[in-house]
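**Q** Pasting the sequence and the predicted coordinates here, then a few questions.
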Amino acid sequence: MPDNADTEQFNADELEAPTWLNAQFIGDVLSNYEKCPELKVTDLKITPASAQGDHYASVMFRTTAEYTTAKGKFSKPLIIKTMPEQEGHKKDMLSESHLFSTEIGAYTKALPEFERILREAGDNTKLYVPCIYHSLEPRQVMIFEDLVPQGYSVIRNRPVKEEELKTVFSKLAKWHAVSMKVMNEQPDFLKEFKYGLIEMPTLMSDPMVTSGMGSFIRMLEKTPELGKYKPYFEKIKDDYMQRMADVLQEYRKNIKSDGYYVMCHGDFHLRNMMFKENGDVMFVDFQICNLCPITIDLTYSVYMLMNPEQRWDLGKDLINYYFSVLEETLKKVGYKGELPTQAGLWKQIHRHKFYDFFLMTTFLPMILAIKENKLKMNEIIQDSETRELAFSFDFFVDEIKKLLPKFEELGYFKDL
């Protein structure tokens with residue numbers, strides 16, 4: 001348990017490490033990684049690795065391993081990521097997922113290949129931190145070098161700056177561009193990345209996900225300025241989940257000749273990024289990487305990453321900046337397919353408007369309440385009254401007062 005810490009700031013299942021996470025286990029991992037059979041761990045301090053609200057789909061610990069080898073004494077800061085072992089909602093919701101196999105594949109296969117292609121093109125962008133250990137049996141575990149001692153940190157108590165966001169979208173554009181090249185030239189190389197949000201049936205049937213539209217419609221009804229929009233959402237309430245699923249699964253089930261497809265991150269929000277003072281950003285948590293429309297990370301970022309002022313224009317400036325880097329990188333790496341166009345990208349974003357509707361009515365109220373420190377993630381996920389409360393805060397209602405007229409201006413409510 002953390003010493004002299006307010007345990008309320010941590011996830012409850014990260015307060016005490018499982019018994020298997022001990023000096024013997026870490027010693028075996030480091031001995032194998034450093035090819036040093038005589039390595040022996042002499043001290044191991046284990047604490048929670050993340051704050052409440054940072055994540056939900058895993059259990060994470062931070063440790064510093066003190067160890068000896070024939071060359072002397074050393075220490076290595078590590079992050080250990082594993083699946084929930086405590087019985088309860090989290091374990092149940094994630095029980096049938098492919099989260100760890102997907103993330104292991106991203107770290108060991110996809111991202112190394114993406115970096116290799118960038119290096120060949122003279123681009124030294126770093127896309128991921130090395131994974132020093134992974135397993136699926138007897139338990140699902142991944143271990144990484146800790147980025148915090150390297151100067152990286154998660155932004156929690158302030159808005160993300162414009163320059164930081166440009167760094168984020170530049171790196172995302174390079175990743176997407178290289179994945180387009182791989183999908184074009186090696187169509188089977190990434191075929192196992194087929195498990196996004198929709199392929200998590202326990203999650204997608206959870207009230208956290210399914211109850212959002214009802215709460216949203218009730219909020220519209222109570223807000224005089226927004227009442228005129230209620231009929232649009234009443235009209236789609238019975239099939240918006242399926243139409244959103246059609247967007248997410250388009251590459252796998254209904255590929256379009258004019259569609260742009262990439263390997264996306266899938267959960268592209270601020271707590272899945274770590275920033276360094278020199279301006280670099282490192283993406284983490286690749287558990288739902290999958291092949292899908294290029295819009296998935298972009299639209300998700302509008303609601304889960306951007307500041308309100310950027311969201312009110314649906315991220316226009318940042319997405320156009322992203323596109324400029326995407327186009328430049330595709331040319332740099334020798335992409336052989338037809339180059340995407342900025343107009344084509346926005347046409348696709350418009351065509352995928354049901355993903356906007358889902359995110360705005362379900363995830364946005366939750367993420368805003370968490371960012372404003374009004375509600376805790378585990379309470380929102382597990383308690384219906386707490387979830388309903390997220391729709392009543394002025395900061396959420398004020399956002400909707402900006403977003404719905406924008407949707408109307410763009411024609412999102414036509415032909416529903």
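**A** Ah, there it is. This one's a predicted model, so the numbers in the text were calculated from it and none came from an experiment. Residues are numbered from 1 along each chain as shown.
**Q** When you work out contacts or count neighbours from here on, use the C-alpha atoms and nothing else.
**A** Fine.
**Q** Give the burial count for L118, as a bare number.
**A** L118: 22 surrounding residues under other C-alpha atoms under 10 Å.
**Q** Flag every buried residue along the helix or strand containing it.
**A** Taking DSSP states H and E as the definition, L118 sits inside helix 111-120. When burial is assessed from 16 or more other C-alpha atoms under 10 Å, helix 111-120 yields the following buried residues: L111, P112, E113, F114, E115, I117, L118.
**Q** Neighbouring strands of the helix or strand following it in the sheet, and parallel or not?
**A** Following helix 111-120 in sequence order, the next helix or strand is strand 131-135 (DSSP H and E). According to DSSP bridges, the neighbouring strands of strand 131-135, each with its direction, are strand 141-145 (antiparallel).
**Q** now the following helix or strand past the partner strand, how far from the chain's geometric center?
**A** Under the assignment DSSP H and E, the closest C-terminal helix or strand after strand 141-145 is strand 152-153. With C-alpha atoms, centre = their mean, to the nearest Å as the basis, the distance from the averaged C-alpha position of strand 152-153 to the chain average is 17 Å.
**Q** before we move on, what about stretch 202-212?
**A** For stretch 202-212, the distance to the chain centre is 18 Å (C-alpha atoms, centre = their mean).
**Q** again with stretch 66-83
**A** Averaged over its C-alpha atoms, stretch 66-83 has a centre that lies 28 Å from its chain's centre (C-alpha atoms, centre = their mean).
**Q** Next, the buried residues of stretch 373-387.
**A** Of the residues in stretch 373-387, L375, K376, M377, N378, I380, I381, T386, R387 count as buried by neighbour count, 16+ other C-alpha under 10 Å.
**Q** One more: stretch 403-411?
**A** When burial is assessed from 16+ other C-alpha under 10 Å, stretch 403-411 yields the following buried residues: L403, L404, F407.
**Q** Looking at those, which is nearest Y260?
**A** Closest approach to Y260 among the buried residues of stretch 403-411 (C-alpha to C-alpha): F407, at 22.4 Å.
**Q** pull the helix or strand with minimum mean pLDDT from the protein.
**A** Averaged element by element with mean pLDDT, DSSP states H and E, the chain has its least confident helix or strand at helix 89-94 (a mean of 51).
**Q** can I have the next helix or strand along the chain from it written out in PDB, keeping just the CAs?
**A** Per DSSP H and E, helix 89-94 leads on to helix 99-105 as the next helix or strand towards the C-terminus. What follows is the C-alpha trace of helix 99-105 in PDB, where atoms were taken according to Å, rounded to 0.1, in the frame of the first residue of the first chain:
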ATOM      1  CA  LEU A  99      -7.100  -6.200 -24.900                       C
ATOM      2  CA  PHE A 100      -3.700  -7.700 -24.000                       C
ATOM      3  CA  SER A 101      -3.200  -9.800 -27.100                       C
ATOM      4  CA  THR A 102      -3.900  -6.700 -29.200                       C
ATOM      5  CA  GLU A 103      -1.500  -4.500 -27.100                       C
ATOM      6  CA  ILE A 104       1.200  -7.100 -27.200                       C
ATOM      7  CA  GLY A 105       0.900  -7.300 -31.000                       C
END
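**Q** What's the mean pLDDT across stretch 299-318?
**A** Mean pLDDT, computed over stretch 299-318, is 96.
**Q** I would like the residues contacting that stretch, please.
**A** Applying C-alpha atoms under 8 Å, 6 or more residues apart in numbering, the set of residues contacting stretch 299-318 from outside is 159-160, 165-166, 169, 267-270, 349, 355-356, 359-360, 363-364, 367, 399, 402-403, 406.
**Q** Would you list the buried entries among these?
**A** Using 16+ other C-alpha under 10 Å as the threshold, 165-166, 169, 267-270, 349, 355-356, 359-360, 363-364, 367, 399, 403 are the buried ones among the contacts of stretch 299-318.
**Q** the longest helix in the protein is where?
**A** Longest helix of the chain, by residue count under DSSP state H: helix 162-185.
**Q** Going by neighbour count, list what's buried in that helix.
**A** 164-184.
**Q** can you check stretch 76-86 too?
**A** Taking 16+ other C-alpha under 10 Å as the neighbour-count basis, stretch 76-86 is seen to contain the buried residues P77, L78, I79, I80, K81, T82, M83, P84.
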